[in-house]
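> Predicted model and sequence below, questions to follow.
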Amino acid sequence: MREKGLFIVFEGIDGSGKTTQLQKTVAFLEERDLNVVVTREPGGTTLGAKIRSLLLDVDNQGMDPLCELMLYAADRSHHVTDTIEPAISRGDVVICDRYALSTLAYQGYGRGLPLDTIRSLNQMAIHGCVPDLTFILDMDPIVARTRIARHRAQEPDRLEQEKLDFFERVRHGYLTEARQAPQRCAVMDGARRPEDVFQSIKEILEPLLCTLR
Ligand code: TYD
């Protein structure tokens, strides 16, 4: 039995169905009477919401990549100490929409910033708070883009306006990193029917839930 709660992260390129699966997972956990804390990056805290609007604002098109990297790291550091760590210590299940792996995939593989630099910055920003499990919703960026166009009424944000080859690199980044930590990352084929994806998620989650008090 674990002393603390659980920390589960959902990752994937924009339009991969990550948020749908996250919501299904939250409902499933709440049905089991678990205390669930649902949060996200960037913007999981009041301070983080301000950082998020800087990051996604289409008027900030010329943002320097290092500035972007540090804003994500700043958001994360505050988020971990303010929200994630206290919840895990209370024994809650934390479900987070994106975390440190997003920075490796987007700013590292996507923008081309040095992976070592990002790993060091992530190391500082997470304050030792490593997810128990990360679900990566994998999808072809062309399919993901079509999905976004079909379901979204509002204009794409600054990151969503990136070209397809950017998302190809991000996808490759996720898959490469997942191969290096197979015990902590579960890659899910996001192109399947949502019910089938969620069935696979449940099968992976069940044994973890048994470790909770
Ligand atoms: P959001 O609207 O939350 O996108 P999604 O619903 O797809 O999660 O916007 C977050 C954007 O920020 C998304 O395009 C991914 C990007 N991002 C990074 O580039 N680096 C990071 O470290 C994080 C956490 C997010």
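That came in fine, so what should we check first?
> Every contact and neighbour count from this point should use C-alpha atoms.
Noted.
> pull the CA atoms of stretch 28-44 into CSV?
These are the backbone C-alpha positions of stretch 28-44, laid out as CSV (Å, rounded to 0.1, in the frame of the first residue of the first chain):
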residue,chain,number,x,y,z
PHE,A,28,-14.6,6.7,-13.3
LEU,A,29,-12.5,7.5,-10.3
GLU,A,30,-15.2,9.7,-8.6
GLU,A,31,-17.7,6.8,-9.0
ARG,A,32,-15.3,4.9,-6.8
ASP,A,33,-15.5,7.6,-4.1
LEU,A,34,-11.9,8.6,-4.5
ASN,A,35,-10.9,12.2,-3.8
VAL,A,36,-9.8,13.4,-7.2
VAL,A,37,-8.0,16.7,-7.9
VAL,A,38,-8.3,17.7,-11.6
THR,A,39,-5.8,20.2,-12.8
ARG,A,40,-3.9,21.3,-15.9
GLU,A,41,-0.8,23.0,-17.3
PRO,A,42,-0.3,25.7,-18.1
GLY,A,43,-2.8,27.5,-15.8
GLY,A,44,-3.7,25.2,-12.9
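> Kindly report the residues of this protein close to the ligand.
Residues of the chain found near the ligand (CA under 6 Å from any ligand atom) are 14, 41-42, 72, 98-100, 102-103, 106-107, 159-160.
> Need those residues in CSV (columns: secondary structure).
Shown next, in CSV, are those (DSSP: H, G, I helix; E, B strand; the rest coil):
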residue, secondary structure
14, coil
41, coil
42, coil
72, helix
98, coil
99, coil
100, helix
102, helix
103, helix
106, helix
107, helix
159, coil
160, coil
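> right, and the pair among these with maximum separation?
Farthest-apart pair in the residues of the chain next to the ligand is 100 and 160; separation 18.7 Å (CA to CA).
> For the lowest-mean-pLDDT helix or strand in the chain, list every residue counted as buried.
None of the helices or strands of the chain scores lower by mean pLDDT, DSSP states H and E than helix 141-151, at a mean of 88. Judged by neighbour count using 16 or more other CA atoms under 10 Å, the buried positions of helix 141-151 are 141, 144, 145, 148.
> As a markdown table, those with distance to residue 127 would be great.
Output for the buried residues of helix 141-151, formatted as a markdown table (distance: CA to CA, whole Å):
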| residue | distance to residue 127 |
| --- | --- |
| 141 | 32 |
| 144 | 33 |
| 145 | 34 |
| 148 | 34 |
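> tell me the two of those that are most distant?
Farthest pair in the buried residues of helix 141-151, by CA to CA: 141 and 148, 10.3 Å.
> Which parts of this protein are strands?
Along the chain, the stretches classed as strands by DSSP state E are 6-12, 36-40, 93-97, 133-138, 185-189.
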